[in-house]
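Trainee: I would like the atomic coordinates for the input below:
(chains A and B)
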Amino acid sequence: MLLNYNPQEIEKKWQARWAADHIYEATENSNRPKFYALTMLPYTSGDLHIGHWYAMAPSDVYARFKRMQGYNVLHPMGFDAFGLPAENAAIKHGIHPHVWTMRNIEHMRDQLKRIGAIYDWNREMITCLPEYYRWTQWFFLKFYHAGLAYRAKAPVNWCPECQTVLANEQVLGEGCCERCGSQVTKKDLEQWFFRITRFADELLDFSHLDWPERIKTMQRNWIGRSEGAEVSFKLEREDIKPEGIKVFTTRPDTIFGVSFFLLAPEHPLVSQLVAPERRDEVERYVAWCRRQSEYERTAVGKEKTGVFLGSYVINRLNGEKIPIWITDYVSLSYGTGAVMGVPAHDERDFEFAKKFNLPVRTVITPPGCSSKKPMEEVYSETGIMVNSGEFDGLPSEQGYNAICDLLESRGWGKRTVTYRIRDWLVSRQRYWGAPIPMIYCNKCGIVPVAEEDLPILLPSDAEFKPTGESPLKYCQSFVNTTCPRCSGPARREVDTMDTFMCSNWYFLRYTSPKSDGAPFETEKLKYWMPVDLYTGGAEHAVMHLLYSRFFIKAIKYMGLVDFDEPFTRLFNQGTIIYLGDKMSKSRGNVVAPDKYVSELGADAVRAYLMFVGPWELGGEWSDSGFVGISRWLNRVWNLVGMDYVSQVTELAVEKEFLNVTHRTIKKVSEDLERFHFNTMLASLMEFTNYLSKIQESGNVSVLLWQQAITYLLLLLAPTAPHIAEELWAKTGHTYSIHNRPWPEWDEELVREEKITLVIEVNGKLRDKLLVPVSISEIEAKELALGQEKVKAHIEGKKISRVIYVPGRVVNIVAK
RNA sequence: GCCGAAGUGGCGGAAUGGUAGACGCGGCAGUCUCAAAAACUGUUGGGAGGCAACUCUCGUGUCGGUUCGACUCCGACCUUCGGCACCA
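Mentor: Numbering: from 1, shown residues only, chains lettered A, B, ... in the order given. All right, here's what the predicted structure looks like:
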């Protein structure tokens, strides 16, 4: 009999041994196939909570499973260390962000080590250290030189709480800041952008990716590709410079239905086009629009507003004079900032027309409806063209092309594609980030820092109060420099990079973390990339996961890598809730894993997290459920530790025993492959329960028993690595279980000899019979009809059919 | 409003066209104990009948449909969660 299961002791012992023996270190010179399993790196907030474990434990289990299956596995870990919380903590508590961050990392690394994962700590990577951000800056320069980074003035998102600009992707629904939740406002500022739009079409290609449909849909919606036409409407007044204004429309086939013309209130031509007598009213309206938040302006269901400018455009297709209005439902940032109003066939235009009594003209009728009468409701589908001059009678799909052809031949417009996605704003007015390696010279203008001058170190002595301006601006020793081109006095860029730039390429760095002359060693990168399995939360769908795809496509375009997608397979785990709610500091229901690890062990925490439900759906933390898992590990401990005494061996029992053993190997293997961790554990528990019964009866040989125990431990090893290793040693095996191959099942032994045949009458269960697998259809039917319980239910009825499903069911249909 | 996921015992969940509720928690009963806890064993969806082995019946958000047979497929709806949202 063994001593009691003492997880604290054995977990400490084996973690030390694995580290000392470097058994989880990954090398490139292996003849095994490579497998790169990656979990999204944690932000250095200070404490790992059970949500982090929920992301990390199952992915480690899968990585361990792949490792035992014979793959050369890379499963690294690091820290996303730049970002606002560090700076905010610094402001609040007077600790330097660097000190705060590094202290948190120390603590989190200790917590992470207690998980018992196969992380190769030699490859640890911290994004806020100069040896890392040097290369983040290097990439910025590469983007600049490739024409993919540019500086421009634009209306940008401004978070008044964080005192910095944000990318569009970082403004969540209802116009809230992704970090702090405050209402974001708009500011006109000159900022750095990355040309993600250039890759919009490539980013829509998911054909080689095994990603959840949900994320692909979110990215597709975010990119928002629309095909249509750009059409120029002629200005009636001829004293104005451009002679026409362009609109974007997805329905050029409705162009004969235009009855008004709309501009965004901020459209640059508004001030020229407004008639003198309407100027006051227009200016008042524009000012009113500007006062509204972005969210208020774009809210659906809002009553339409607008003002007539007092001037007109000409619809070149029919020569009609169309009044120009401005309205807040047209935004300058999409399409051309101008819209042709077709009230009969667009919901919004219809509302606008109703509100301001503008004419509604039907130009498309539903197929089969010949009436040319104005319709009561908006019809936004395709149909037959009417009131459209020479195009009358054409189906609108053909009319679309015919009108485009006409526009193109006359030079009035052309087919085009518009995207919803905007270029990625990457500069931030904050201190704790990688400085943007650019210099402003009065003579030479914007000059990039030379590659050999990297890293541009973040000064440690900057004042970082949130003033709305970059803290680095006031750090003279940082700002003042010389121009790399003319050597005259110059100023450094004082903005830092969005932290999503750091997480764009960290998975490349893991392949050669000590690389000194380049961000990565190409040979090692070629060996490991792309990531075979990437796991993490779905909240990064249109931020990190989109940016990283763009980043890889961009550096492939530059010739730096030869693959064009970073993550071949993506999996999003669900959320762990506690006391019926999502865990959060404000709700005060955060579960800290440390206490549970100390009490019942990391193996139990790992196993419990995988047992609470399907990984992709999340689950609820429950203290009593957790105790249940620990009880099971205890049962395993006792089962394996107790001497097995063979009593009378029975051939039938031994057969069944082998069958159960191999069925379990199969089930566990298949469930692991599909991330069905909860049912994998259930089958391991069933196996344990079964073994307990056999242990009591002693009906199988010692040899079979020992074999089964060996399998049990191997199957348990990825989930509960410490207890498996301990019991492996205690049962006389050689170290280490984690270097053993994954067991294979024998299909011959999985096959059952007897099956339970279900007998139904009119689809209702009436009897169950244990029959040989080989039973014929005729035998099965006869057997079923002969059963007493069946007879009682078919008495006096006429049997119309008997359905037989081999190995499953006989259903007697009787009336 | 649109898109996606989900809805099953007291609870977490299992079963993806063929035995609904695997496995675990909780409950109940028992063993051990002076007693309790722990551990172990048995039992546990609701209702009705039976001394009993057992039998019948209802039951997977709601309503309909397809099928010999539906938690599973189809249609409509309700609820919860996530995402998007005047995108021309």
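
Trainee: count the neighbours of A:Ala652 for me.
Mentor: 9 (other C-beta atoms under 10 Å). For every residue, glycine as well, the C-beta is placed using N, CA and C.

Trainee: surely it is in a strand?
Mentor: No - read with DSSP: H, G, I helix; E, B strand; the rest coil, A:Ala652 is helix and lies in no strand.

Trainee: low-confidence ranges in the stretch 401-550 of chain A?
Mentor: Residue ranges of the stretch 401-550 of chain A with pLDDT under 70: A:466.

Trainee: contacts only, for the residue of the stretch 701-815 of chain A found nearest RNA strand B.
Mentor: Nearest residue of the stretch 701-815 of chain A to RNA strand B: A:Gly763, at 2.8 Å (C-beta to the nearest atom of the strand). Shown in contact with A:Gly763 (C-beta atoms under 8 Å, 6 or more residues apart in numbering): A:Asn811.

Trainee: give me that answer again for 10 Å
Mentor: A:Gly763 makes contacts with A:Ile803, A:Val809, A:Asn811, A:Ile812, A:Val813, as judged by C-beta atoms under 10 Å, 6 or more residues apart in numbering.

Trainee: scan those and report the most crowded one.
Mentor: Neighbour-wise, the contacts of A:Gly763 (other C-beta under 10 Å) top out at A:Ile812, 23 neighbours.

Trainee: tell me the phi and psi of whichever residue of the stretch 501-650 of chain A sits closest to RNA strand B?
Mentor: The minimum distance from the stretch 501-650 of chain A to RNA strand B, using C-beta to the nearest atom of the strand, falls at A:Gly628 (2.5 Å). Main-chain torsions, A:Gly628, degrees, to the nearest 10: phi -60, psi -40.

Trainee: how many neighbours does it have?
Mentor: Using other C-beta under 10 Å, the number of residues around A:Gly628 comes to 13.

Trainee: what are the boundaries of the strands in the stretch 251-400 of chain A?
Mentor: A:260-263, A:307-315, A:320-326, A:338-341, A:364-365, A:384-385 (DSSP state E, counting those that start in this stretch).

Trainee: now those as a markdown table including mean neighbour count?
Mentor: Listed next are the strands of the stretch 251-400 of chain A as a markdown table, based on neighbours: other C-beta atoms under 10 Å:
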| stretch | mean neighbour count |
| --- | --- |
| strand A:260-263 | 24 |
| strand A:307-315 | 20 |
| strand A:320-326 | 19 |
| strand A:338-341 | 25 |
| strand A:364-365 | 24 |
| strand A:384-385 | 22 |
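
Trainee: just put the ones you listed in JSON lines and tack on distance to RNA strand B and mean pLDDT.
Mentor: What follows is the strands of the stretch 251-400 of chain A, written out as JSON lines (distance: least, C-beta to the nearest atom of the strand, whole Å; pLDDT from 0 to 100):
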{"stretch": "strand A:260-263", "distance to RNA strand B": "8", "mean pLDDT": "95"}
{"stretch": "strand A:307-315", "distance to RNA strand B": "14", "mean pLDDT": "94"}
{"stretch": "strand A:320-326", "distance to RNA strand B": "12", "mean pLDDT": "95"}
{"stretch": "strand A:338-341", "distance to RNA strand B": "5", "mean pLDDT": "94"}
{"stretch": "strand A:364-365", "distance to RNA strand B": "14", "mean pLDDT": "89"}
{"stretch": "strand A:384-385", "distance to RNA strand B": "17", "mean pLDDT": "91"}
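
Trainee: circling back to that earlier point, so what's the residue of the stretch 701-815 of chain A closest to RNA strand B scoring on pLDDT?
Mentor: pLDDT for A:Gly763: 86.

Trainee: now the one 10 residues further on
Mentor: What the model reports for A:Val773 is a pLDDT of 85.

Trainee: what sits against it?
Mentor: A:Arg751, A:Glu752, A:Glu753, A:Lys754, A:Ile755, A:Pro806, A:Gly807.

Trainee: so, low pLDDT: which residues of chain A?
Mentor: The low-confidence ranges in chain A, as defined by pLDDT under 70, are A:1-2, A:368-376, A:466.

Trainee: which SSE is A:His208 in?
Mentor: For A:His208, there is no host helix or strand (DSSP states H and E).

Trainee: can you count the residues close to the closest residue to it other than its chain neighbours?
Mentor: Spatial nearest neighbour of A:His208, excluding adjacent residues (C-beta to C-beta, 6 or more residues apart in numbering): A:Glu565 at 6.3 Å. A count of nearby residues for A:Glu565, using other C-beta under 10 Å, gives 21.

Trainee: now do the SS call for A:Glu565.
Mentor: At A:Glu565 the chain is in coil, as set by three-state DSSP.

Trainee: quick one: it and A:Lys553 touch, right?
Mentor: Yes - counting by C-beta atoms under 10 Å, A:Lys553 is a contact partner of A:Glu565 at 8.0 Å.

Trainee: what do the two both touch?
Mentor: Shared contacts of A:Glu565 and A:Lys553, counting by C-beta under 10 Å, 6+ apart, come down to A:Glu202, A:Leu203, A:Asp205.

Trainee: what's the most distant pair in the contacts of A:Gly763?
Mentor: Longest distance between any two of the contacts of A:Gly763 is 12.4 Å, between A:Val809 and A:Val813; criterion C-beta to C-beta.

Trainee: what do the two both touch?
Mentor: Common neighbours of A:Val809 and A:Val813, counting by C-beta under 10 Å, 6+ apart, are A:Glu760, A:Gly763, A:Ile803.
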